[in-house]
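S.K.: Have a look at this prediction, sequence included:
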Amino acid sequence: MDADTALELVRRGVTLLLLDVPEHTLVGIDTQMFSVGPAFKGLKMIPPGVHFVYYSSSSGDGKEFSPIVGFFVDAGLSEVIIRRWNTEEERLVSVPEEEAERYCQAVRSMEFDRQLGPYDLNRYGDWKRLSNYVTKDTIQRLEPIGGDITVVCESEILKNTQKTAMEKALDEKLKTRKVSATVDMSQGRGCYYTSIPRVVKRRGIEGHELTSLNLDKTQLLETIVATEFGGSEDLLLGEFQFSFIAFLMGQSLEAFLQWKALVGLLLGCTEAPFHTRTQLFTKFVRVIYYQLKYGLQKDAADNRNTEQGTSALLDDSWFSTDSFLHRLCKDFFSLVLGAPVVDGELLSWTRKFKELLEHTLGWEFQQNSAVDGLYFDEDDEFAPTIEMIDDQNL
């Protein structure tokens, strides 16, 4: 890159100015993470738009790290985002407006240029594929009070939430990280995610109708899109991406549970992919394909700065062949690939998604034979509710 191009990117790009951050702290933006050195003051040349900033404080020697804290921003052209390290709370906080204006002028005068690391534009494409449906409206609707997303705030929220063995293990893994004794964020409120019922329960309808509603979640999807997202499919996909980013980069268990609920809702539909929501499902399969393609990649170079402080949470152990995702994908692939008539683009992306899981995780999707073509594991939390009819009533 020549000097003139670099200067233009600096002036037009977003600047993230981080003051007084202790050495060895891990600081990340989007798919990039850095270990703070003695001269570090932030990042420059950041493309305008939505980004996720996250960090993890160090014990001082760079061997122990606290749970990650992250926040979303929607930054405009040439905008300067300023945060200062609060030593007592071990987190980044905003600065007063008058002080912020002075720092903005200093940044625009290039006073901090040598202390700002460049945003790696070669990795921006990965980020755009993970966040292209997340908008300013998505952030404002979902982010917690104060904006900070961290597993430390989730203990009370998730105390009475039913979790699988995998999710309990993830919970323990996140909580074993060093937590500052001087900051108490346990009383914070989590994100304002949309409520997704796992099982449809309605009064005043026949048992066979209830069974049908749980076998095919199309009607539930239609209700949620209409009432919670104002009919906008892209808003739903925005929440789906928001929760994945908050889980993968921000290590939020609450976010993982929301992502899982949305996967269960969409992959639990049998009519919507072909009739009412073909376009939504084409976009959804493309989104989850890129999520798992990025999350399951084994490129050690991408983790060279983070292997000591953070670990890849989206690894094979979370997606074994008895996991929720395997069961849901197996049924969905059978549905789409076995349909006599299906949208060409949906079919293409479904095949790509299936091949990704087969090649990356070694999964096989051979269908189980069972009576009437229905098969459900006894411990499958996504198995539909089946209404049993007493023979005496026939």
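M.R.: Great, that's in hand.

S.K.: Buried ones in stretch 35-45, by neighbour count?
M.R.: Within stretch 35-45, the residues scored as buried using 16 or more other Cβ atoms under 10 Å are 35-36, 40-45. No exception for glycine: its C-beta is placed from N, CA and C like everyone else's.

S.K.: Let's have those residues in a markdown table, adding distance to residue 258, pLDDT and secondary structure.
M.R.: Shown next, in a markdown table, are the buried residues of stretch 35-45 (distance: Cβ to Cβ, whole Å; pLDDT from 0 to 100; DSSP: H, G, I helix; E, B strand; the rest coil):
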| residue | distance to residue 258 | pLDDT | secondary structure |
| --- | --- | --- | --- |
| 35 | 30 | 91 | strand |
| 36 | 30 | 92 | coil |
| 40 | 33 | 94 | coil |
| 41 | 34 | 95 | coil |
| 42 | 30 | 95 | strand |
| 43 | 28 | 96 | strand |
| 44 | 33 | 95 | strand |
| 45 | 32 | 94 | strand |
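
S.K.: Adding distance to residue 227, write the residues you listed out as TSV.
M.R.: Output for those, formatted as TSV (distance: Cβ to Cβ, whole Å):
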residue	distance to residue 227
35	45
36	45
40	46
41	46
42	41
43	40
44	43
45	42
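
S.K.: between the residues you listed, which is closest to residue 5?
M.R.: Distance ranking of those against residue 5, using Cβ to Cβ, places residue 45 first at 10.3 Å.

S.K.: ok, the closest one to residue 118 distance?
M.R.: Per Cβ to Cβ, to the nearest Å, residue 45 is found 5 Å from residue 118.

S.K.: try residue 47
M.R.: 12 Å.

S.K.: more crowded one of the two?
M.R.: Neighbours of residue 47 and residue 118, each counted by other Cβ atoms under 10 Å, are more numerous for residue 47; the result is 18 against 14.

S.K.: check contacts around the more buried one.
M.R.: 13-14, 119, 121, 124 (Cβ atoms under 8 Å, 6 or more residues apart in numbering).

S.K.: next one: residue 225
M.R.: 231-233, 236, 277, 280.

S.K.: Check the buried residues of stretch 35-45 against residue 363 and report the nearest one.
M.R.: residue 35 (34.9 Å).

S.K.: Could you measure from that closest one over to residue 65?
M.R.: 10 Å.

S.K.: do residue 87 as well
M.R.: Distance, residue 87 to residue 65, by Cβ to Cβ: 16 Å.

S.K.: More neighbours: which of the two?
M.R.: For the pair residue 87 and residue 65, the greater number of neighbours falls to residue 65 (20 against 11), based on other Cβ under 10 Å.

S.K.: Can you name the residues bridging to that one?
M.R.: With DSSP bridges as the criterion, residue 65 is bridged to residue 58.

S.K.: which sections of the protein are below the confidence cut-off?
M.R.: Applying pLDDT under 70 to the chain flags residues 1, 60-62, 155-188, 199-214, 298-322, 367-394.

S.K.: Determine which residue lies closest to the centroid of it.
M.R.: residue 244 (1.1 Å; Cα atoms, centre = their mean).

S.K.: Assess the claim that that residue and residue 129 are in contact.
M.R.: No: using Cβ atoms under 8 Å as the test, residue 244 is too far from residue 129 to be in contact (11.4 Å).

S.K.: now the strands for the stretch 51-200 of the chain?
M.R.: 69-75, 80-86, 91-93, 116-118, 149-150 (DSSP state E, counting those that start in this stretch).

S.K.: how far out from the middle of the chain is the fourth one?
M.R.: Right, the one you point to is strand 116-118. Strand 116-118 sits 26 Å away from the centroid of its parent chain (Cα atoms, centre = their mean, to the nearest Å).

S.K.: List the contacts of it.
M.R.: 15, 17, 34, 40-45.

S.K.: Tell me the strands beside that strand, with direction?
M.R.: In the sheet containing strand 116-118, its partner strands are strand 42-46 (parallel), by DSSP bridges.

S.K.: now the strand it pairs with and strand 69-75, what's the angle there?
M.R.: Angle of strand 42-46 versus strand 69-75, following axes from the mean of the first three to the mean of the last three Cα atoms, to 10 degrees, is 40 degrees.

S.K.: what sits up against strand 42-46?
M.R.: Strand 42-46 has contacts (Cβ under 8 Å, 6+ apart) with 6, 9-10, 13-18, 29, 34, 75, 112-113, 115-119, 121.

S.K.: Only whichever of those are buried, select them in PyMOL.
M.R.: PyMOL command restricting the contacts of strand 42-46 to the buried ones, with burial defined by 16+ other Cβ under 10 Å:
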select buried, resi 9+10+13+14+15+16+17+18+29+34+75+112+116+117+119
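
S.K.: Please narrow the contacts of strand 42-46 to those residing in helices.
M.R.: With helices taken from DSSP state H, the overlap with these comprises 6, 9-10.

S.K.: Return the member of these nearest to residue 330.
M.R.: residue 9 (45.7 Å).

S.K.: if I look at residue 275, how far off is residue 237?
M.R.: 19 Å.

S.K.: Name the residue in the two with the higher neighbour count.
M.R.: When residue 275 is set against residue 237 and neighbours are counted by other Cβ under 10 Å, the residue ahead is residue 237, at 23 against 9.
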